[in-house]
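Student: Starting from these lines, generate the structure:
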Amino acid sequence: MGKKWNPDAKPSEKLLSMYTMLLFSGREASLSELSAELDCSKQAVLRLINQLEASRFGKLLHAKRGRESVYRLDRPKNLPKLSLNAEGLHQLALCRDFMLHLLPDSMRKVVDSTLQQALAYLPEDEAAGGAPDDMPSIGKSFAKGRIDYSPFQEMLQSVIKGIRQHKICAIEYKSSIHGETKSFDFAPKRLVAYRESIHIHGWIVSEKGTAAPIFEKSTNLALHRLQKVAVTRRNAAHIPDVEEEHKGAFGLMEDAPFPVRVKFSPAAATYVAEREWSADQKATVHKDGSVTLAMTARSSLEVIAWVMSFADAAELLSPKWLRKELAEHVQALAAKYAQGEKQ
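Tutor: Sure thing, here's the model as predicted:
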């Protein structure tokens, strides 16, 4: 089942949104990307595409990206004039304040400069003077265990270039501080922000000939563990995008999805119930104030770490095999602290 129509938008508004996105971005978009952007099913997007092709607003170009169809609007030479929206710029500034702590300071300077330049294009009645100070920082993000990405700016730019130009990157990667550095060719497909860190999602590919994935599953690389990145001339456009069949499931690492049930004491119930942990989660509130959370997860290691972070305020109820693994971790932890008391 695909996503349902957004109840707040009419089909005509969806059509206009898709046309505007394709017109002004100039980029190609897959059926999945359009579905996610417009918050509707793929079948609904196909109907919109048919309507757009039947109109005279522009020629819609079709292509293939791996196994998926992509669409791009043949942009006219003279684009319509567009006035920037002050509220939209203020919302972008707020996104800057909330998210740019993940990126190097140099990137923040570029964003600040771009916002300041955009102010000059606001209508006079909205600009209110149009000074750069009209986009002040009104938000702030706090992070535990923040990673300093400043040393990784050049590598991040190389990864972004590889994604945009559909190129293979030659990677040198160290999976841990104790591990050895490994070299391989990688087809980056997207950047993922997860728990105050940046990851690159893509495919490890063959080193010779036409690039092809060498594993059945895609790979997540932590940006701060990259040792070296070089964009090659090898083409990655034919390599499929990262599949997101289990999008919305708990965890970043992609194991086979499995159902999870965790009970939280009243002390942790409010914190847990207020947040979204999985797209299909269901929270049951009990008379004693505790909460049982049922959801789909795709990483057993992340579930164990998450449950243990609540100490005795959380109990993993199922699945039984994971409950057994968690019990072994708890026993080992108890033994370690018991041994420490004797010293």
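
Student: got any ranges where this structure has weak pLDDT?
Tutor: 1-10, 23-26, 55-58, 75-85, 104, 120-136, 143, 243-247, 254, 340-343 (pLDDT under 70).

Student: the longest helix in it is where?
Tutor: In the chain, taking DSSP state H as the definition, the longest helix is helix 320-342.

Student: Could you pull out the buried residues of it?
Tutor: L322, R323, E325, L326 (16 or more other CB atoms under 10 Å). For the C-beta atoms, the positions are set from N, CA and C on the backbone; glycine is no exception.

Student: Going by contacts, tell me the helices and strands next to that helix.
Tutor: helix 300-308, strand 314-318 (3 or more CB pairs under 8 Å, 6 or more residues apart in numbering; DSSP states H and E).

Student: would you turn those into JSON lines with mean neighbour count?
Tutor: Listed next are those as JSON lines, based on neighbours: other CB atoms under 10 Å:
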{"stretch": "helix 300-308", "mean neighbour count": "17"}
{"stretch": "strand 314-318", "mean neighbour count": "17"}
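
Student: Any chance of these in TSV with distance to Q331 as columns?
Tutor: Below are the helices and strands packed on helix 320-342 laid out as TSV (distance: least, CB to CB, whole Å):
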stretch	distance to Q331
helix 300-308	12
strand 314-318	14
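
Student: Looking at those, which is nearest to Y337?
Tutor: Among the helices and strands packed on helix 320-342, the nearest to Y337 by CB to CB is helix 300-308 (13.5 Å).

Student: Format the CA atom coordinates belonging to that closest one as CSV.
Tutor: Output of helix 300-308 as CSV, limited to C-alpha atoms (Å, rounded to 0.1, in the frame of the first residue of the first chain):
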residue,chain,number,x,y,z
SER,A,300,18.8,-6.0,17.0
LEU,A,301,21.9,-4.3,18.2
GLU,A,302,20.3,-0.9,18.2
VAL,A,303,17.2,-2.2,20.0
ILE,A,304,19.4,-3.7,22.7
ALA,A,305,21.4,-0.4,23.1
TRP,A,306,18.1,1.6,23.2
VAL,A,307,16.4,-0.5,25.8
MET,A,308,19.5,-0.6,28.0
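
Student: Mind listing residues that contact that helix?
Tutor: With contact meaning CB atoms under 8 Å, 6 or more residues apart in numbering, helix 300-308 is reached by 250-253, 255, 258, 260, 262, 297, 314-316, 322, 325-326, 329-330.

Student: mind listing what A230 touches?
Tutor: Taking CB under 8 Å, 6+ apart, one finds S158, C169, A170 in contact with A230.

Student: Surely it is in a helix?
Tutor: No: A230 is assigned strand when assessed by DSSP: H, G, I helix; E, B strand; the rest coil, not a helix.

Student: Use 50 as the first number from now on
Tutor: In the new numbering, first residue 50, that becomes A279.

Student: Report the spatially closest residue to the residue sitting nearest the centre point of the chain, excluding sequence-adjacent ones.
Tutor: Centroid check for the chain by CA atoms, centre = their mean gives V241 as the closest residue, at 3.9 Å. Computed as CB to CB, 6 or more residues apart in numbering, the closest residue to V241 that is not its neighbour in sequence is H248, at 4.5 Å.

Student: Using the three-state scheme, assign the one you found.
Tutor: strand.

Student: Pull up the gap between it and F191, please.
Tutor: 21 Å (CB to CB, to the nearest Å).

Student: coming back round to it: between the contacts of A279, which is nearest S81?
Tutor: Checking the contacts of A279 one by one against S81 (CB to CB), the nearest turns out to be C218, at 22.8 Å.

Student: Can you give me the distance of that closest one to K369?
Tutor: Distance from C218 to K369, by CB to CB: 42 Å.
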